[in-house]
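S.K.: No letters, just coordinates:
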């Protein structure tokens, strides 16, 4: 698996937990944002991250980081 951007699902403990699963990898930021939005809707009770390699671009527990 490779791709610059990742959408990651944290364990049920949120930030305290490790990444439980990488939901998607993609090289296109626009597509990665769409996947992120979809996964946030599918997992409203979980922490979902949109990352650029090791840098977090958006977090589902901080709505102000939600991509437009």
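M.R.: Everything's here; your move. Since the structure is predicted, the reported quantities are computational estimates derived from the model, not experimental observations.
S.K.: what distance separates the start and the end of stretch 36-50?
M.R.: 6 Å (Cα to Cα, to the nearest Å).
S.K.: buried stuff in it?
M.R.: 36, 37, 39, 40, 46, 47, 48, 49, 50 (16 or more other Cβ atoms under 10 Å). To be clear about C-beta, it is placed using only N, CA and C from the backbone, and glycine gets the same treatment.
S.K.: any residues touching the strand or helix carrying the third one, and which ones?
M.R.: Assignment of secondary structure by DSSP states H and E places residue 39 within helix 29-42. Applying Cβ atoms under 8 Å, 6 or more residues apart in numbering, the set of residues contacting helix 29-42 from outside is 3-7, 9, 23-24, 26, 48, 50, 52, 58, 60, 66-67.
S.K.: Give the ChimeraX command for selecting the buried subset of the residues you listed.
M.R.: A single ChimeraX command is used to select the members of these judged buried by 16+ other Cβ under 10 Å:
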select :5,6,7,9,23,24,26,48,50,58,60
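S.K.: In strands, which of the contacts of helix 29-42 fall?
M.R.: 5, 6, 7, 9, 23, 24, 26, 48, 50, 52, 58 (DSSP state E).
S.K.: What's the mean pLDDT across stretch 52-64?
M.R.: Average pLDDT, stretch 52-64: 91.
S.K.: Now it: buried residues?
M.R.: Buried, per 16+ other Cβ under 10 Å, within stretch 52-64: 57, 58, 59, 60.
S.K.: roughly how far is that stretch from the heart of the chain?
M.R.: 7 Å (Cα atoms, centre = their mean, to the nearest Å).
S.K.: ok, now stretch 57-68?
M.R.: 9 Å.
S.K.: Then stretch 33-52?
M.R.: That offset, for stretch 33-52, works out to 5 Å (Cα atoms, centre = their mean).
S.K.: Nice, that's everything, thank you.
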